[in-house]
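Novice: build me a model from this:
(one chain, ligands or ions: 1)
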Amino acid sequence: MTWMRILVANDDGYLAPGLAALVRVCHEFGEVDVVAPEQNASGTSNALTLQRPLSVYTTPQGWRYINGTPSDCVHVALTGLLEQRPDLVVSGINNGANMGDDTLYSGTVAAAMEGFLFGIPSIAFSLLDKGWGNLDAAADVARGVIASIVGDLGGADRPTPWLLNVNIPNRADSASLPRRLTRLGRRHASEPVIRQVNPRGETNYWIGAAGDAREAGEGTDFFALASGCVSITPLQVDLTDHAGLPGWSRRLGLTAP
Ligand code: MN
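Specialist: So this is what the prediction gives:
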């Protein structure tokens with residue numbers, strides 16, 4: 001087996017059980033560096049901290065954590081902390097699903113995307129439902145996914161980067177479930193904001209929960225999970241509405257690229 005260098009990050013913070021589970025798995029595949037946020041940074045998407053300096057701390061077992069976002073962690077790791085470029089960046093295992101529209105908000109996906117943007121194959125792992133139920137089984141799934149792509153990595157040539165988004169059912173038997181190659185579904189708009197009056201008499205607002213699946217047909221990540229499968233979605237970063245270009249060309253009287 002190819003012995004790799006693996007950078008592990010997450011968005012739930014360096015103390016999250018899902019990070020520890022993923023790190024344990026990665027040690028089976030190579031040299032591991034851990035650079036994770038100091039605090040839970042879920043829902044921070046691709047944010048970079050530009051208005052204040054970042055501090056890097058090291059735990060007794062040699063993990064690094066940063067008072068910043070998931071993207072900060074991978075960015076700082078790749079541009080300054082690590083002595084060698086990793087062969088693979090993995091993120092997670094997240095406390096909760098990252099399917100459909102979640103991928104736009106997810107810090108877990110963003111950490112992997114930062115690796116991808118730097119030209120490194122990257123994988124985001126998320127476990128359905130909150131609370132780390134069946135985390136060991138989810139780690140077994142992560143091991144299986146990494147094992148299935150390890151042949152692409154660690155060679156002398158730099159592989160074409162790719163970005164995978166993996167969602168794992170919260171089941172004790174998830175390691176024996178089929179894997180499905182999927183596309184992203186869509187969610188309904190999120191639940192309404194929750195208004196509360198705090199002890200000082202001020203009104204505060206909590207962002208509402210994510211909406212239920214709206215586009216969850218066959219082939220989607222939602223469908224795979226509802227069918228008791230592990231979902232693997234290859235992601236891209238280009239937000240261009242390619243299909244819409246001809247229409248915009250006509251409406252605006254401009255030549256399509
Ligand atoms: Mn999270």
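Novice: residues touching the closest residue to the ion within the stretch 1-150 of the chain, list them.
Specialist: Using CB to the ion, the point where the stretch 1-150 of the chain gets nearest to the ion is Ser42, with a distance of 3.2 Å. All C-beta atoms are positioned from the backbone trio N, CA, C, and that covers glycine. Contacts for Ser42 (CB atoms under 8 Å, 6 or more residues apart in numbering) come out as Asp11, Asp12, Asn94, Asn95, Gly96, Ser106, Gly107, Thr108.
Novice: helix or strand for it, which one?
Specialist: Using DSSP states H and E, Ser42 falls within no helix or strand.
Novice: hang on, the earlier thing: same for the ion: which of the contacts of Ser42 are within range?
Specialist: Asp11, Asp12, Asn94 (CB under 5 Å from the ion).
Novice: isn't the first one right next to Asn94, touching?
Specialist: When you say that, I think you mean Asp11. Yes. At 6.6 Å, Asp11 counts as touching Asn94 under the criterion of CB atoms under 8 Å.
Novice: residues that sit against both of those two, list them.
Specialist: By CB under 8 Å, 6+ apart, Asp11 and Asn94 have these common neighbours: Ser42, Ser106, Thr108.
Novice: contacting residues around Gln51?
Specialist: Shown here is Gln51, which makes no contacts under the criterion CB under 8 Å, 6+ apart.
Novice: the ion contacts on the protein?
Specialist: The chain comes close to the ion at residues Asp11, Asp12, Ser42, Asn94, as judged by CB under 5 Å from the ion.
Novice: can you give me the strands for the stretch 1-150 of the chain?
Specialist: Using DSSP state E, counting those that start in this stretch, the strands of the stretch 1-150 of the chain run over 4-9, 30-37, 56-58, 64-66, 88-95, 122-127.
Novice: so can I have JSON lines of these showing mean neighbour count and mean pLDDT?
Specialist: Formatted as JSON lines, the strands of the stretch 1-150 of the chain follow (neighbours: other CB atoms under 10 Å; pLDDT from 0 to 100):
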{"stretch": "strand 4-9", "mean neighbour count": "26", "mean pLDDT": "96"}
{"stretch": "strand 30-37", "mean neighbour count": "22", "mean pLDDT": "98"}
{"stretch": "strand 56-58", "mean neighbour count": "13", "mean pLDDT": "98"}
{"stretch": "strand 64-66", "mean neighbour count": "22", "mean pLDDT": "98"}
{"stretch": "strand 88-95", "mean neighbour count": "29", "mean pLDDT": "98"}
{"stretch": "strand 122-127", "mean neighbour count": "29", "mean pLDDT": "98"}
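Novice: among those strands, which is nearest Ser148?
Specialist: Shortest distance between Ser148 and the strands of the stretch 1-150 of the chain, using CB to CB, is found for strand 122-127: 10.7 Å.
Novice: and Asp136, what is it in contact with?
Specialist: Neighbours of Asp136 in contact, by CB under 8 Å, 6+ apart: Ala21.
Novice: and it, how far from Val237?
Specialist: Separation of Asp136 from Val237 (CB to CB, to the nearest Å) stands at 32 Å.
Novice: longest helix in this protein, by number of residues?
Specialist: Among the elements of the chain assigned as helix by DSSP state H, the one spanning the most residues is helix 135-149.
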